[in-house]
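take this sequence and fold it.
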Amino acid sequence: MSKTPKAPVAAKANAKKAASTTKARASAKPIVASPAPKAKVQSKPDVVKPETAKPVRHTAVPKPAPSAKVTPSAEATLFDGDTVRRLEALSVNIAKATMTAQTVLARTVMKQPDLEAVGAPSDPFQVGPALTQVMNSLAAKPEKVVEAQSDLLNGYLELWGQMARRSLGGDVSVEKKPIKDKRFSDPLWDRNLVFDMMRQSYLLSSTWLNTLISSVDDVDPLVKRRAEFFTKLLTDAMSPANFLLTNPVAIDALLDSKGETLVKGMQMFADDLARGDGKLKISQADYSRFKVGENVATTPGKVVYRGDYFELLQYTPTTEQVYEIPLLIFPPWINKFYILDLQAKNSLIKWLVDQGFTVFVVSWVNPDVEMKDTSFEDYMFGGIFEATNKVREQTGAKTVNTVGYCIGGTLLGCALAHMAEKGDTSIGSATFFTAQHDFTEAGDLLLFTSEHWLKELERQMDAAGGVLPGSAMADTFNSLRANDLVWSFFVSNYLLGKDLTPFDLLCWNGDQTRMPKALHIFYLRTFYGNNALAKGELTLGGVKLDLKKVKIPIYEQSGREDHIAPPASVYKGSKLFGGPVTYMLAGSGHIAGVVNPPAAQKYMHWLNDAHPDTLEDWLAGATEHPGSWWPHWAGWLGKLSGKKIAARDPSEGQLTVLGDAPGTYVLVKS
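Numbering: from 1, shown residues only. Next comes the predicted model:
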């Protein structure tokens, strides 16, 4: 948009000529051709009063021919046809977006339950008491608060000085610290002084507040962690990137699209509220682009058993010979198994089959209200033991090698302790993917296991008929990484109106499962709350479980950035077993640290032949290796898998084939 030039004062010599033109032309100010007299440069232009202004020399503007069109003034060019049309479109689209938002919010408010009427606690996470304890601790140490306030003031003085120098045209590139926060990575945040000031003020204040809360050292560690967690949730939510009028990228997109991005964003907002039945269920990917059995979970195989708790899948071999001892995988039942079989390029199952392993996978049932009383013990006997026996029956093998992923690994560890006590040698080795057996360092998920929250969780499950809705666990996991899994999509979807991406992993993440009340509450109380397995206090099936009696070879995989099963927690659990343990630390987190095919050439992993008492000591002696850990694990597993035999066709085993992989249980939606 061009600036409107200053119009000089009209000279009396032109008054008569201007009067002879049309009324509109008479009121227009003539264009000055000759330069104005030199004036002293000032920061602001002088305002010249008409009665004291001196005549200005100029060249008279010739009177146009009667038939000629009058050239529009500089002011008029601001509102040419194209600009007017853009403004009209912008206004209409903003109105559309506003009406969409108002309508959907009104409907949502009407659908919300009366929390007092249904007995919902006002503060199930006990955030208020936690913050009260932290604030009381700070109040008892005023010198710490004064020091923190002084640091904050000094930070703002430095920031204000930097902004002042920048506003005067100074070069602040040397003194300015690089901002690595990806929420503010767009160059538009840096180009505009106002938005840069917003960004840096927010980062300064939020860092200060989170650091102050973390500095408290005389309250219960779990209380402090609760205060830290919810303070960070709050500061993350208040980021200027999350609001339309304080996000320059969103404003730029709004103006450039004439408001269409906002209309699209509000429609996506309405769709997500409808999809969540009145609760905002933010879309993370284009779920329509992936369909189970068509372009994900496509590794060829057969369903060779179907029970109350799982379907057993056996995959078709791709090599002429296979290892004699089969491999049985127990994924977590809080997600669907095909995280290990997304697409051919990143399928761990396909890769294992290609290495010559006979691979079986448990596809857990998606429980309904009829399974509300199903217990953890039921999953051990009807899941681990039943699947192991069926694999042995199908292949004729005396033993099987196993994998337990996340909560599936916790269950597998319990089963191994039970088998060890009973002298059962059906399982020859166990690999654990990001699985915990000692929960003292289980990360922020510990915050969701207080008695206040468990009572609220029981209320929610009772309201749902005795099962935990799939969205509940998804919300919990998303809150652990709110910036990545909540706010980034909030901005992209609703403020920027961007199209959803076809991302297989996020589509899997949105394909959620339910959990029986009895099973889930037992798991949270027994493991997270009481840490009963690690203490040797857990009894299942009449057997007191002791992991020290598990003497089979163990391979423990953990993820360096895992926020669900932190590497320190996994390592501590690995010290509970009584046999040889190989601990391996992979790059990335709970999912990408596991699903990392060698061809991708991503991340790295660390190995150490020793197994010292602490993770710190293990890290001190560990060696970094580039790329995926899969080949190292396959080498370890191959040595425990017996000799090579002719490939096994699933259709030629002892069990009756019930259909093609991926089966039917995985297709049930929550």
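
what count of nearby residues applies to residue 511?
By other C-beta atoms under 10 Å, the residues close to residue 511 number 22. (Each C-beta comes from the backbone N, C-alpha and C, glycine too.)

and the one 5 residues further on, by the same measure?
The local packing of residue 516 (other C-beta under 10 Å) involves 26 other residues.

shouldn't it be in contact with residue 466?
Yes - in terms of C-beta atoms under 8 Å, residue 516 counts as a neighbour of residue 466; the distance is 7.0 Å.

point out where this protein drops to low pLDDT.
By pLDDT under 70, the low-scoring segments of the chain are 1-80, 101-102, 104-122, 174-175.

at 80 instead, please
Across the chain, the stretches falling below the confidence threshold (pLDDT under 80) are 1-125, 170-177.

centroid-nearest residue for it?
The centre of the chain sits closest to residue 485, judged by C-alpha atoms, centre = their mean, with a distance of 2.2 Å.

please identify the helix or strand for the residue nearest to that one when sequence neighbours are not counted.
Take residue 485 and drop its neighbours on the chain: the residue closest to it by C-beta to C-beta, 6 or more residues apart in numbering is residue 478, 4.2 Å away. Element membership of residue 478, judged by DSSP states H and E, is helix 470-480.

off-centre distance for that helix?
Centre-to-centre, helix 470-480 and its host chain are 10 Å apart (C-alpha atoms, centre = their mean, to the nearest Å).

quick revisit: for the residue nearest to residue 485, give its distance to residue 443.
From residue 478 over to residue 443 the distance is 15 Å, taken as C-beta to C-beta, to the nearest Å.

next, count neighbours for the closest residue to residue 539 other than its chain neighbours.
Ranked by C-beta to C-beta, 6+ apart and with sequence neighbours excluded, the top spatial neighbour of residue 539 is residue 545, at 7.0 Å. Neighbours of residue 545 under the rule other C-beta under 10 Å: 22.

can you show me the helices along the stretch 301-450 of the chain?
For the stretch 301-450 of the chain, the helices defined by DSSP state H, counting those that start in this stretch occupy 348-354, 376-379, 386-395, 407-422.

please identify which of the ones you listed is closest to residue 585.
Distance to residue 585, taken as C-beta to C-beta, is lowest for helix 407-422 among the helices of the stretch 301-450 of the chain, at 16.0 Å.

in CSV, could you pull the C-alpha coordinates for that closest one?
Extracted C-alpha coordinates of helix 407-422, given in CSV (Å, rounded to 0.1, in the frame of the first residue of the first chain):
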residue,chain,number,x,y,z
ILE,A,407,2.2,-51.6,28.9
GLY,A,408,2.4,-54.9,27.0
GLY,A,409,5.9,-55.2,28.3
THR,A,410,4.8,-54.6,31.9
LEU,A,411,2.3,-57.4,31.5
LEU,A,412,4.9,-59.6,29.9
GLY,A,413,7.3,-59.0,32.8
CYS,A,414,4.6,-60.1,35.2
ALA,A,415,3.9,-63.2,33.2
LEU,A,416,7.7,-64.1,33.1
ALA,A,417,7.9,-63.8,36.9
HIS,A,418,4.8,-66.0,37.3
MET,A,419,6.3,-68.6,34.8
ALA,A,420,9.7,-68.5,36.6
GLU,A,421,8.0,-69.3,39.9
LYS,A,422,6.1,-72.2,38.3
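
how about that helix: buried residues?
Residues of helix 407-422 classed as buried by neighbour count (16 or more other C-beta atoms under 10 Å): 407-421.

with stretch 656-666 instead?
For stretch 656-666, the neighbour count (16+ other C-beta under 10 Å) marks 657, 661-663, 665-666 as buried.

repeat for stretch 186-198
Going by 16+ other C-beta under 10 Å, stretch 186-198 has these buried residues: 188-189, 195-198.

got it, and stretch 223-241?
By 16+ other C-beta under 10 Å, the buried positions in stretch 223-241 come out as 223-233, 235-236, 239-241.

taking the residues you listed one by one, which sit in helices?
Mapping the buried residues of stretch 223-241 onto helices (DSSP state H) picks out 223-233, 235-236.

which one of the residues you listed is nearest residue 93?
Looking at these and their distance to residue 93, the nearest is residue 236, at 29.3 Å (C-beta to C-beta).

pretty sure that closest one sits against residue 480.
No - under the criterion of C-beta under 8 Å, residue 236 makes no contact with residue 480, lying 11.6 Å away.

follow-up on the earlier one: who's in contact with the residue nearest to the centre of the chain?
Counting by C-beta atoms under 8 Å, 6 or more residues apart in numbering, residue 485 touches 284, 477-478.

looking at the residues you listed, spot the one nearest residue 525.
For these, the closest approach to residue 525 (C-beta to C-beta) belongs to residue 477, at 19.4 Å.

number of residues surrounding the closest one?
16.

run a quick neighbour tally on residue 651.
Look at residue 651: counted by other C-beta under 10 Å, it has 12 neighbours.

what sits closest to it if chain neighbours are left out?
Of all residues not flanking residue 651 in the chain, residue 657 sits nearest, at 5.4 Å (C-beta to C-beta, 6+ apart).
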